[in-house]
Each structure stands twice: as structure tokens, then as C-alpha cells.
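>>> here's a sequence, model it:
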Amino acid sequence: MVGLFWIQSGGTYLGTPPVPPAPGVLLSATGPLVVGPDPQETLWSDVRDLRVTEAPARSTAARWAARAASVAAAALNAWTPPGPVEMTVVMTAGGHETTTPVFSGASSAYTEREVDLSHGLLARFVRGESSPAVMSDWWNAEQQPDGALPSRHREALLESWLHMG
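Sure thing, here's the model as predicted:
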């Protein structure tokens, strides 16, 4: 997971990859693809806006405090892990707005900067200035990295992708 994107060998998703029959949004070089019960493929040239709402974002201090509270509650056997946070992908194409629920890939929350950088990258895809292929290329070059990257590393990757042509 890097920002709002879940990158894996099968492609790059907004949020986590869906578990059928749940919907999801796969980003390809040709355009976003809504997968699930009502699949819909759209070309980037037709997309006028693409954003994610309700992304859980917190400051670093708030994320650490939430983790500490979870550890303390787990130690007291008073903790049950929450389910993933639902976000909404909002896409405007062909004069229509489509909303698709997706689940957050963040264990507690994204950094506010990650969300901002992710939206900046989505805007570049919409304007045709970049492609989700930059993320797939990174994934392949890193030999499918596993484990969670630290937030600073995720932010640095998003920043580098924002400045790629």
C-alpha cells in the first residue's frame, strides 16, 4: 500500500483489492475499471474527475496514539480489531458521476500528506500527464515488495511519481 493505492502483481487498486462480489476500482494504463457486480471500464480521456472521499487521515501523533490505545486494549483483552474503513471513489466521466465503495488499505489511517499526494497523482492521471504504470513499474523493479512501508517512504514514492513525466 502506497497512499490510497494498493499495488500488486494483478494491478493497482484504489483502496484494497475487492473480495468478490464487492466492488473495487482497478487503475490501468487505459483507464479506471470498476470491478464487481456492475463492472464499468472508462478511458482516461473520458474521465473529468477522480477522487476518493472519506479516506481516514490523521496526523502522525494521532496515528501513534491510536496504535498505542489498540495495544493497551489488546493487553487488557478488551480489544477487537475494527474492520477496514470504507471509502468512496467518485468518478466523473461522460457527464455522469459514479460512486464506488472501496476499503482503506491503511491499518489505522493514512497521513494527511499521503492523501493529498494521492489525489495529486490521480489528477495527473485524469489530465493525461502520468499513468498508473509508474506504480506497476516500481512494483516490478522492487520484486514485489512485501510488508508495510514506513509513511515517510510511502510519501517519498508518491512525491517521486508526481514529478515523473
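>>> now residue 100: closest residue in space that isn't a chain neighbour?
Sequence neighbours aside, residue 89 is the residue nearest to residue 100 in space, at 4.6 Å (criterion: Cβ to Cβ, 6 or more residues apart in numbering). Using the backbone N, CA and C atoms, a C-beta is placed for each residue, glycine as well.
>>> mean confidence score for the helix or strand containing the one you found?
If you go by DSSP states H and E, residue 89 is part of strand 86-93. Per-residue pLDDT values over strand 86-93 give a mean of 97.
>>> ok, residues contacting the following helix or strand past that strand?
Reading on from strand 86-93 to the C-terminus, the next helix or strand found by DSSP H and E is strand 96-103. If you take Cβ atoms under 8 Å, 6 or more residues apart in numbering as the criterion, strand 96-103 is touched by 13-16, 18, 22-25, 34, 36, 40, 52, 84-92.
>>> list the beta-bridge partners for the residue nearest to residue 100.
residue 52, residue 100 (DSSP bridges).
>>> for it, what are its contacts?
14, 15, 25, 50, 51, 52, 99, 100, 101, 102 are the contacts of residue 89 under Cβ under 8 Å, 6+ apart.
>>> how does it look with 10 Å?
4, 13-15, 23-25, 32, 34, 50-53, 98-102, 122 (Cβ atoms under 10 Å, 6 or more residues apart in numbering).
>>> re earlier: any of the contacts of strand 96-103 buried? List them.
The neighbour-count test (16 or more other Cβ atoms under 10 Å) applied to the contacts of strand 96-103 identifies 13-16, 18, 23-25, 34, 36, 52, 85, 87, 89, 91-92 as buried.
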